[in-house]
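J.: Structure of the sequence below:
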Amino acid sequence: MYVAKVAAFQAFGALPAEVPLQRIGLAFTLIAGSFVGRVVVLTLSEATFRAPRGGPDGIQAAPLPR
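T.: Next comes the predicted model:
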């Protein structure tokens, strides 16, 4: 169904060919970032994971209840 929509929009000149390719590249980048982030978080020790982290201006977020 999505392929038919893309083909129809391209036939009318409303969707340049590079746009779907850019979207696919963006999707793969987001998926890869999620997997890399998961691996990094899973390798952290509990102490490192729970260590306080400051925001952009050094303000600490409220701790989450356990």
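J.: list the buried ones in the one helix or strand in the chain whose mean pLDDT sits lowest?
T.: When the helices and strands of the chain are scored by mean pLDDT, DSSP states H and E, helix 46-50 comes last with a mean of 82. Buried residues in helix 46-50, counted by 16 or more other Cβ atoms under 10 Å: none are found. For glycine as for every other residue, the C-beta is placed from the backbone atoms N, C-alpha and C.
J.: With just CA atoms, put it into CSV.
T.: Presented in CSV, the C-alpha positions along helix 46-50 are these (Å, rounded to 0.1, in the frame of the first residue of the first chain):
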residue,chain,number,x,y,z
GLU,A,46,24.4,-0.1,38.6
ALA,A,47,26.4,2.6,40.5
THR,A,48,27.3,4.4,37.2
PHE,A,49,23.7,4.1,36.0
ARG,A,50,22.3,5.6,39.2
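J.: which residues are contacting it?
T.: Helix 46-50 is contacted from outside by Val41, using Cβ atoms under 8 Å, 6 or more residues apart in numbering.
J.: Kindly recompute the last result at 6 Å.
T.: With contact meaning Cβ atoms under 6 Å, 6 or more residues apart in numbering, helix 46-50 is reached by no other residue.
J.: mind checking how far the residue nearest the centre of the chain is from Val36?
T.: By Cα atoms, centre = their mean, the chain has its centre lying nearest to Leu30, at 3.6 Å. According to Cβ to Cβ, to the nearest Å, Leu30 stands 11 Å off from Val36.
J.: can you give me the helices in the protein?
T.: 2-11, 18-43, 46-50 (DSSP state H).
J.: neighbours of Leu15, just the number please.
T.: A count of nearby residues for Leu15, using other Cβ atoms under 10 Å, gives 15.
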